[in-house]
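S.K.: Test case, fold it:
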Amino acid sequence: MWRRPQGLARRLWIWGKRLYLKSGGLLMSLRSEFLRLLKEDEEFRLAAVGLLGIVDVQSALRRLTEVVTRLAEGQVALMRSQTALLDALNSLTAAVQKMWEGQQELLSSQLRLLESLQRLVDDQQKLLEMQQKLIEGRLRLLEGEAQLRQMAKGLREGQEALWREARAVRRDVKEIKELA
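M.R.: Next up is the predicted model:
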């Protein structure tokens, strides 16, 4: 059943839930008419775009495209920086590896030096023991020498006593000969 909405232009009609426009004696659906005007009428199209805010959407899309482009450029710059950082990290890793190898060589050298030092300490200990034995032998020699001096002194004293005795005997013999 056709009816005309109140307060609207004489060209609009409603059938059920659909809205129709009377144009030149024909009833067309409002949708069909709207699509036809969008295709054929540039002024209507621009007005519709303005009313719908499509211009704002397009400018927002342009701004968004610019932002995405700047983000992509920033991403490229970040990737370059990351590549440079990775190169620096690789260089540092290689340097650390060389330092570690050098440290291992130093540790090996230190171990060899410690072993040599231990041998020197052992040899020094043996030398000290030998020196102690030499000192003990020298002390025994000195004691023996002192005993020999005492014995030599005793022998000299005994020899002197014998010489005195021998002189006394010769004197006595001479006196006896003179008396005889």
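S.K.: In this protein, where is pLDDT below threshold?
M.R.: Along the chain, the model assigns pLDDT under 70 to residues 1-30, 53, 55, 180.
S.K.: quick one: the most centrally placed residue in it from Arg70, how far?
M.R.: Nearest to the geometric centre of the chain sits Val96, at 7.0 Å (C-alpha atoms, centre = their mean). In this view, Val96 and Arg70 are 38 Å apart by C-beta to C-beta, to the nearest Å. To be clear about C-beta, it is placed using only N, CA and C from the backbone, and glycine gets the same treatment.
S.K.: do Ala84 as well
M.R.: 21 Å.
S.K.: Likewise for Leu128?
M.R.: 83 Å.
S.K.: cool, Trp163 as well?
M.R.: Taken as C-beta to C-beta, the span from Trp163 to Arg70 is 132 Å.
S.K.: where does Arg170 sit relative to Val76, distance-wise?
M.R.: Taken as C-beta to C-beta, the span from Arg170 to Val76 is 135 Å.
S.K.: same deal with Leu127?
M.R.: 75 Å.
S.K.: Show me the strands in the protein, by range?
M.R.: 2-3, 12-15, 18-23, 26-29 (DSSP state E).
S.K.: tally of neighbours for Gly144?
M.R.: 10 (other C-beta atoms under 10 Å).
S.K.: With Glu73 instead?
M.R.: If we define neighbours as other C-beta under 10 Å, then Glu73 has 10 of them.
S.K.: Make 387 the starting number, not 1.
M.R.: Noted, 387 is the first residue going forward, which turns the last one into Glu459.
S.K.: what separates it from Thr469, distance-wise?
M.R.: On the measure of C-beta to C-beta, Glu459 and Thr469 end up 16 Å apart.
S.K.: In the protein, which helix is the longest?
M.R.: helix 440-565 (DSSP state H).
S.K.: From the chain's centroid, how far away is it?
M.R.: Remark: helix 440-565 is offset 31 Å from the chain centroid, using C-alpha atoms, centre = their mean, to the nearest Å.
S.K.: who are the neighbours of it, in terms of helices and strands?
M.R.: Helix 440-565 is packed against no helix or strand, with contacts defined by 3 or more C-beta pairs under 8 Å, 6 or more residues apart in numbering; DSSP states H and E.
S.K.: repeat that for 10 Å
M.R.: Packing partners of helix 440-565 (3 or more C-beta pairs under 10 Å, 6 or more residues apart in numbering; DSSP states H and E): helix 428-438.
S.K.: what's the angle from the helix it packs on to helix 440-565?
M.R.: Per axes from the mean of the first three to the mean of the last three C-alpha atoms, to 10 degrees, the angle that helix 428-438 makes with helix 440-565 is 50 degrees.
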